[in-house]
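A.B. asks: Please work out how this folds:
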Amino acid sequence: MNGEPLFDLRSTLDNLGNDVEILRVVAATFVEDAPRLLADLRTALADRDVSMVIRAGHSLKGSAENFGAAALIRTVEALEEASRADDFKSAVGRLGEIDRLLARLCAELQAL
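C.D. replies: Purely as a prediction, here's the structure:
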């Protein structure tokens, strides 16, 4: 994961009919929504609300899936699983990694 892109540009473009302008619009929307998605996840964890954690995580994963951001998706899934197991300490511990991956994905998308 070191210097490799977080998302799969080729696959993302294939899914969008190789339309770079659509990619830029979808990417800009994601970058705009990312802070809210992360805030929703933080709030749900702070409230220890498993159903809201799952809902917020699902929204974040769905958005990240548009770009094939597998590392981010796996990390959110791990957070969801920890929440389901009532292990909020582990779930909260995943937030830092999610924050880093999300920031990196946004930076890559903004560079398009």
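A.B. asks: switch to C-alpha atoms for all contacts and neighbour counts from now on
C.D. replies: Noted.
A.B. asks: show me where the chain has helices.
C.D. replies: 9-15, 20-46, 50-65, 70-84, 88-110 (DSSP state H).
A.B. asks: who touches the shortest one?
C.D. replies: What that stands for is helix 9-15. Applying C-alpha atoms under 8 Å, 6 or more residues apart in numbering, the contact partners of helix 9-15 are Asp19, Val20, Leu23, Asn66, Phe67, Gly68.
A.B. asks: now those: which count as buried?
C.D. replies: Leu23, Asn66, Phe67, Gly68 (16 or more other C-alpha atoms under 10 Å).
A.B. asks: what's the closest of those to Ala56?
C.D. replies: Nearest to Ala56 among the buried ones among the contacts of helix 9-15, counting by C-alpha to C-alpha, is Asn66 at 16.2 Å.
A.B. asks: residues contacting the closest one?
C.D. replies: Contacts of Asn66 by C-alpha under 8 Å, 6+ apart are Thr12.
A.B. asks: Any stretches of the chain with poor pLDDT?
C.D. replies: 1-3 (pLDDT under 70).
A.B. asks: I'd like the contacts of helix 9-15 laid out as TSV, including distance to Leu13.
C.D. replies: As requested, the contacts of helix 9-15 are exported to TSV (distance: C-alpha to C-alpha, whole Å):
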residue	distance to Leu13
Asp19	7
Val20	7
Leu23	7
Asn66	10
Phe67	9
Gly68	11
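A.B. asks: how near is Ala46 to Ala70?
C.D. replies: 25 Å (C-alpha to C-alpha, to the nearest Å).
A.B. asks: sorry, back to before: possible to save the buried ones among the contacts of helix 9-15 as CSV with distance to Ala85?
C.D. replies: Formatted as CSV, these follow (distance: C-alpha to C-alpha, whole Å):
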residue, distance to Ala85
Leu23, 37
Asn66, 28
Phe67, 29
Gly68, 27
